[in-house]
Every structure is written in structure tokens, then in C-alpha cells.
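>>> Any chance you could fold what I've pasted below:
(one chain, ligands or ions: 2)
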Amino acid sequence: MLSLNRSGFLRGGGTGDKWRSQRRRAAAAVVRCCSGGEGNGRGFSIESTMKEMKADAASVLDLGSKSAVGGGVEDVYGEDRATEDQLITPWSVSVASGYSLLRDPHYNKGLAFSQKERDSHYLRGLLPPASTSQELQIKKLMHNLRQYEVPLQRYVAMMDLQERNERLFYKLLVDHVEELLPIVYTPTVGEACQKYGCIFRRPQGLYISLKEKGKILEVLKNWPERSIQVIVVTDGERILGLGDLGCQGMGIPVGKLSLYTALGGIRPSACLPITIDVGTNNEQLLKDEFYIGLRQKRATGQEYKELLHEFMYAVKQNYGEKVLIQFEDFANHNAFELLAKYRTTHLVFNDDIQGTASVALAGVVAALKLVGGTLAEHTFLFLGAGEAGTGIAELIALEMAKQTKAPLEETRKKIWLVDSKGLIISSRVGSLQNFKRPWAHEHEHVDNLLDAIKIIKPTILIGSSGVGKTFTKEVVEAMTSFSERPIILALSNPTSQSECTAEEAYTWSKGRAIFASGSPFEPVEHNGKLFVPGQANNAYIFPGFGLGLVISGAIRVHDDMLLAASEALAQQVTPENLSKGLIYPPFKHIRKISAEIAANVAAKAYELGLATRLPRPPDLLKYAESCMYSPLYRSYR
Ligand SMILES: O=C([O-])CC(=O)C(=O)O
Ligand SMILES: [Mg+2]
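Ligands and ions are numbered 1, 2, ... in the order given. Okay, the predicted model is just below:
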């Protein structure tokens, strides 16, 4: 049974799941009726839930007597699209109004509530008289943000906004993506994680610690949203290149998911950030009185595995098998194992292995348009043989194998990796971790990167070790000594861990390097010429990749989907971008880029028989675009 209280919230007579889903359905139904469809298809997705809700609610609610609050049909997008023809007569009911409405970030519009909305939603007097537009709110916020000189202050201001007015947060991020990405994401999010205990205000996701063992399903049910499409989960052991930040790694899933929405158009209520807290080996944090996590050393072995296993199956039980679980910033040993273990039973994606691979391959493919030659005609050297290094190497070898029809074992031989012990070679194989073994080629011992460059003579150098300042002047000069236009990717994050800066790459190579980096760098002037470095960050890939999985209802991730994402991204690089040395398209076009990636990934999912949303939409690009969340305000009638 449902009833309505004075502040307009639905009250459930029942408890637990039943009550929660009734409440969500109520909100969804109201939203649908009052705000209309957002785009193709989406507006018609909840007919059956409306009917149910109408039946549920009609007996206890005075339908139509209160005004309604719209919140966007994306609230239920993805539930049931098959009911388009059966739309029933609109009806309305309030789910939130008055003071509660102003405190609800999903529906709050602040000063943008119209005078009519203020009357119909008990807001009179709760706001100052002026009504403003969303545009004016954006202008004011940008003005305010730019007053802060310290990036972390901007980060905190952005998080406050997200907690206060979600649509405004996303509109701001979409409209000013190039300026704000470095704030809500790399590099500032790294500093935010380091200081998370100090800046923590409200939980923005779920914390699952060892204390929750045996109760993870219950914990998931505590989250207020039911129809989750994307989870980003970390255990905080390797946050960017900053090491073990334990529970404070939460900033990463939160940041990644805000990009899923802003860049990829996944609705915010479908996103769930999760941190698994098994302790930390970071002594500094263990001693820090403001640390927010478990104060113990990391659990490992069986204890770790069991917690993760319970988590994976609780997610599947609670949300079904089409929820995407993105692993983020796990340490190498767990990252590879988790991906291998769950890729055949769950829809999983490791952003650091697979997302980074896809973005790096796209950059290399685009760069080849500048330097000429096919992938197989180039020689690759990596500094760093962890998730990113071996992930990229494998995807490049796969693409080479597809292009040349040569066996994968052969194409891998064009790719060399250096780790902290020198060149990875076959004589080291006994002591190598599994994920490094495919890269142990026949060669004599080589001690360090510089020597390896001189001997191997790579035309493409990729840094992925998480250690900064390793591409020294000698390294860059060595690359330039046998290659007219060496391709140099410094992928480690955040900026402090970058293998070299853009300025160093262009200066030391005398303007000949084609350079991109994981963290953003400003354009550089060298000898009167402007060089614009690209940002080879997985943020280009994962939002569109996830959207492609969601819109096709994919149930597994296949390597060919990563190649499809990479191909779509490389195709977005224009001759004009290339003429400036840019091997990635500007982020300001990211929503279009994400839609292209999503369409290509979804097409691959259908081709591979991994898509469950049938029938296949005839125009996947249009379909992807029509499904993307828009942060424009709804009008509440
Ligand atoms: O978050 C980023 O900027 C890229 C990434 O996944 C990492 O460095 O781990
Ligand atoms: Mg990462």
C-alpha cells in the first residue's frame, strides 16, 4: 500500500524490496507522464510499470490532485521498450515537493524553478523571488569555479554541486568538458583520493568492506536505485600511479561514473560506484586520523577471493546479468585474475587493461596516418609491463594478426616490454608473472630502457609503468636518432607520474615526436610552432563502450568489441586534427564520439550473438544518440 505525506513523498506500507520497487515505480510513472519522452523510444519504455503503479496507487492516492514532479524518463530507460503502442492516458501525482524537493539532487533546480512550479510544488517562500535559466546558472557557476585557484577546491565545489543539483552538474560538465574534465577526473581526482578523508562529506557510492562479508546482497539492497546498468568497482590498491589508497580510492569510481553520464549518456541513476575495502598497506593512511577505511593490512588470498566472489554473484543476483561491472585500479595480480575468472560468467570490463588498450591502439592507428606504414611495419617498446602495458601490447598484436593473417605468436614478436628488471626475455620466464610471459622473446639481457631503445630501435615508445620522469632527454633523443617521427605515448597518471611532459617531448625531439599523454597537458610552442598534445586516456573509450553494451543488452565483453571501439575512435580523428599533430579528436566532441563508439560496439555485439536486446535497431548510431541522457531540466507541471 502507498500513501502520500504532506511533503509529497510516497510512503510505503510494505517493507524491503516490495516497498522500494513500488516507490521507484511511482516516481518513474510520474516522470513519464509529466515530462514526456526524452528521445526516440525512451518515452515509451514504462507502460507496463505505469499500469501496475496505477493499479497500486489508485486506491490510496487522489490521482491528479497534486502536481507532479518530472525527473526524466531515463529513470526507467532500459526496462521495457516493447510497449510503445499501448500508451495510456497521462495521470499525475507528486513524489516530492516543498523543502524535500529542494533537498533532492535528482529533481532540484534551485533558482530555475518557474513561478508556476513554485506554486504547484509548495516552494513559495523557500526560494528568493528571482527565477533564472539553466544557462544563467551555468554562467554563474563557471564564474565562481574560476575564482578558485586550487584545483582541489574546484573539485570540492563540483562534488557539492553534484550533491545539490544533479542535472546542473551534468549540464556544466557537458558544456565545459575540456575545462572541467581535469577537475572531476584525472589529474585532480588523484589528489582528491589522497585527501578523501579530509574532504569526505557524503557517501557517493557503496562501501563494501570485510565487515560486510556474508551480507553483500543486503548491502546492495540498501542502495536507493534498483535498475543499475553500470557499476565501477575498485579495491583501491593501485589508484592511478599513486599506489595503495585503500578505501579512499572511492573518488575513482565516482569520477569514472560521472563521465559515464556526461560523456557516454548513461543516466545517473543507473550508475553505481563501489569500493571494496579489504584494508590498506599504506602506512601513512593507517596512521591518518581522518582515514575513512578499515584500519588493517590488506586481506589477501582466500579471504580476498571469497569476498570478491560473493560480491560478483550478489551483483548478478540483484541486478541480473546485463549489468556492466567495470574493474578499476586494482593491482596487477588481482586485475588479471579477476578479469580471467569472471569474463565468461559476467559482463565485466577492466578499464586499465582493456580500455587503455583500446584508446592507445586508436592513437597509434591515427598516428600511422602521419608517419606511414602498417602496424606490423613498426616496432613497439613499452616501459611498464603491468595492466596497461600488456593490455595494449596484446590488443595491438591482435589487430596486427587480423591485418596480416599472421598467427598471434608471430605478431607479438614485434612488441617488446621493459619492466623494473630490464627487457622481458625468455631467460626470465621462470620468474615472470603469467601476464608477462607472452612477451618474453629470445634476446640477451638488457638492463634498462635506454639500452633497450638503442638495441631494439622501436619506432613507437609507450610508457605505462606508473612511474614519472622516466622518458629522459636521452630516451627521447635516442628515439629521434633513428626515427624521423617517433610516436611517444606517456600514459601514466596523474600528471606527476607522466613519463615526460609534452614540453619535454617536443623540445627534446626538436618538434619531431608525435606525442600524447594519459593526463592532460597544455599546447606547447616550440620554435614558433604550436604543438597540441593529445590525451590518450581511457575516458575516450569506456563511456561509449559501456553505452554500446547497454543499448545492445550485451551479456559478455569480447576482444573484438575493444577493436570495434578503437576503430570508431580512430575514425573520429580528422585530417585537421592530424595536421596539428593531434592523434585524438578534441574532447569537446566527446558525446558524438561516444555515440559512434557505442554504435560500433553494439554492432559487434549483435554480430557475435552476444546482444540480447532484440530486434536489432536498424540504425545503431541514431539509436545510441536517442538513448543518451540529457541533463536539460524537465518542466514540472
Ligand atoms: O583514470 C585515468 O585517468 C586513467 C586510468 O584508468 C588510470 O590511470 O588508472
Ligand atoms: Mg584506472
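>>> If I follow the layout properly, Leu432 ends up in contact with Ile425?
No - if you go by C-beta atoms under 8 Å, Leu432 and Ile425 don't touch, sitting 9.6 Å apart. Every C-beta, even on glycine, is put in place using the N, C-alpha and C of the backbone.
>>> Of all residues in the stretch 1-150 of the chain, which one is closest to ligand 2?
Val150 (23.8 Å; C-beta to the ion).
>>> Which residues are in contact with that residue?
By C-beta atoms under 8 Å, 6 or more residues apart in numbering, Val150 lies in contact with nothing.
>>> who in the protein is up against ligand 2?
328-329, 352 (C-beta under 5 Å from the ion).
>>> So which residues of the stretch 501-637 of the chain form helices?
Secondary structure of the stretch 501-637 of the chain by DSSP state H, counting those that start in this stretch: the helices cover 502-508, 542-552, 559-571, 575-579, 590-607, 620-627.
>>> ok, how many other residues are close to the residue nearest to Ala554 when sequence neighbours are not counted?
Nearest non-adjacent residue to Ala554, counting by C-beta to C-beta, 6 or more residues apart in numbering: Ala605, 4.2 Å away. Using other C-beta atoms under 10 Å, Ala605 has 28 neighbouring residues.
>>> In this structure Ala605 contacts Ala611, no?
Yes - if you go by C-beta under 8 Å, Ala605 and Ala611 touch, sitting 4.1 Å apart.
>>> shared neighbours of the two, anything?
Common neighbours of Ala605 and Ala611 (criterion: C-beta under 8 Å, 6+ apart): 552, 554.
>>> How many residues are close by Gly372?
Gly372: 10 neighbours (other C-beta under 10 Å).
>>> part of a strand, is Ile488?
Yes - judged by DSSP: H, G, I helix; E, B strand; the rest coil, Ile488 forms part of a strand.
>>> distance of it from Thr459?
10 Å (C-beta to C-beta, to the nearest Å).
>>> Can you say which helix or strand has the closest residue to ligand 1 within the stretch 401-550 of the chain in it?
Closest contact between the stretch 401-550 of the chain and ligand 1, by C-beta to the nearest ligand atom, is at Asn493 (3.7 Å). Under DSSP states H and E, no helix or strand contains Asn493.
>>> outside of stretch 575-590, which residues touch it?
Stretch 575-590 is contacted from outside by 177-178, 181, 263, 359, 362-364, 366-367, 369-370, 514-516, 530-536, 539-540, 543, 569, 572-574, 593, using C-beta under 8 Å, 6+ apart.
>>> Could you identify the longest strand within this structure?
When the chain is scanned for its longest strand (criterion: DSSP state E), the result is strand 271-277.
>>> For it, give the mean pLDDT please.
Mean pLDDT, computed over strand 271-277, is 98.
>>> quick one: it to chain centroid distance?
Computed by C-alpha atoms, centre = their mean, to the nearest Å, the chain-centroid distance of strand 271-277 equals 13 Å.
>>> And stretch 171-181, by the same measure?
For stretch 171-181, the distance to the chain centre is 15 Å (C-alpha atoms, centre = their mean).
>>> Alpha carbons of it, as PDB, please.
C-alpha atoms of stretch 171-181 as PDB (Å, rounded to 0.1, in the frame of the first residue of the first chain):
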ATOM      1  CA  LYS A 171      25.000  20.200 -17.900                       C
ATOM      2  CA  LEU A 172      28.000  22.100 -16.600                       C
ATOM      3  CA  LEU A 173      30.300  19.100 -17.300                       C
ATOM      4  CA  VAL A 174      28.900  18.500 -20.800                       C
ATOM      5  CA  ASP A 175      29.100  22.200 -21.800                       C
ATOM      6  CA  HIS A 176      32.600  22.800 -20.400                       C
ATOM      7  CA  VAL A 177      34.000  19.300 -20.700                       C
ATOM      8  CA  GLU A 178      37.600  20.400 -21.700                       C
ATOM      9  CA  GLU A 179      37.900  22.700 -18.800                       C
ATOM     10  CA  LEU A 180      36.200  20.500 -16.200                       C
ATOM     11  CA  LEU A 181      37.500  17.100 -17.100                       C
END
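>>> How much space separates the nearest residue to Pro105 once chain neighbours are set aside from ligand 1?
Using C-beta to C-beta, 6+ apart and skipping residues adjacent in sequence, the residue nearest Pro105 is Glu166, 4.6 Å away. Distance check for Glu166 against ligand 1: by C-beta to the nearest ligand atom, to the nearest Å, it reads 22 Å.
>>> In contact with Glu166, which residues?
Per C-beta under 8 Å, 6+ apart, neighbours of Glu166: 105-106, 108, 268, 631.
>>> The residue positioned nearest the centre of the chain is in what secondary structure piece?
By C-alpha atoms, centre = their mean, the chain has its centre lying nearest to Lys256, at 3.5 Å. In this assignment (DSSP H and E), Lys256 forms part of helix 251-262.
>>> Report whether that helix contacts ligand 1.
No - using C-beta under 6 Å from any ligand atom, helix 251-262 never reaches ligand 1; the gap is at least 6.5 Å.
>>> The helices of the stretch 501-637 of the chain: which one's closest to ligand 1?
So among the helices of the stretch 501-637 of the chain, helix 542-552 is nearest, using C-beta to the nearest ligand atom, at 8.4 Å.
>>> Okay, buried residues for the closest one please.
Across helix 542-552, burial judged by 16 or more other C-beta atoms under 10 Å covers 542-552.
>>> doesn't Ile231 make contact with Ile325?
Yes - using C-beta under 8 Å, Ile325 makes contact with Ile231 at a distance of 5.0 Å.
>>> who touches both of the two?
Common contacts of Ile325 and Ile231, defined by C-beta under 8 Å, 6+ apart, comprise Val315.
>>> Would you confirm that Val573 contacts Val364?
No - with contact defined as C-beta under 8 Å, Val573 does not reach Val364; the gap is 11.3 Å.
>>> Which part of the stretch 451-600 of the chain gets nearest to ligand 2, residue-wise?
For the stretch 451-600 of the chain, C-beta to the ion, closest residue to ligand 2: Asn538, 6.8 Å.
>>> What score does that residue have for pLDDT?
Predicted confidence (pLDDT) for Asn538: 97.
>>> contacting residues for the closest residue to it other than its chain neighbours?
Leaving out its chain neighbours, the residue that sits closest to Asn538 by C-beta to C-beta, 6+ apart is Gly355, at 3.5 Å. By C-beta under 8 Å, 6+ apart, the residues touching Gly355 are 349, 538, 541-542, 545.
>>> what does the stretch 301-450 of the chain put close to ligand 1?
Within reach of ligand 1 by C-beta under 6 Å from any ligand atom, the stretch 301-450 of the chain has these residues: 329, 351-352.
>>> Which of the residues you listed are buried, as a ChimeraX select command?
Paste this into ChimeraX to select the buried members of those, with burial taken from 16+ other C-beta under 10 Å:
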select :329,351,352
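>>> Read off the pLDDT value for Arg637.
What the model reports as pLDDT for Arg637 is 75.
>>> Enumerate the beta-bridge partners assigned to Ile325.
Ile231, Val348 (DSSP bridges).
>>> neighbours of it, just the number please.
Using other C-beta under 10 Å, Ile325 has 23 neighbouring residues.
>>> How about the one 10 residues further on?
Residues lying near Ala335 (other C-beta under 10 Å) number 24.
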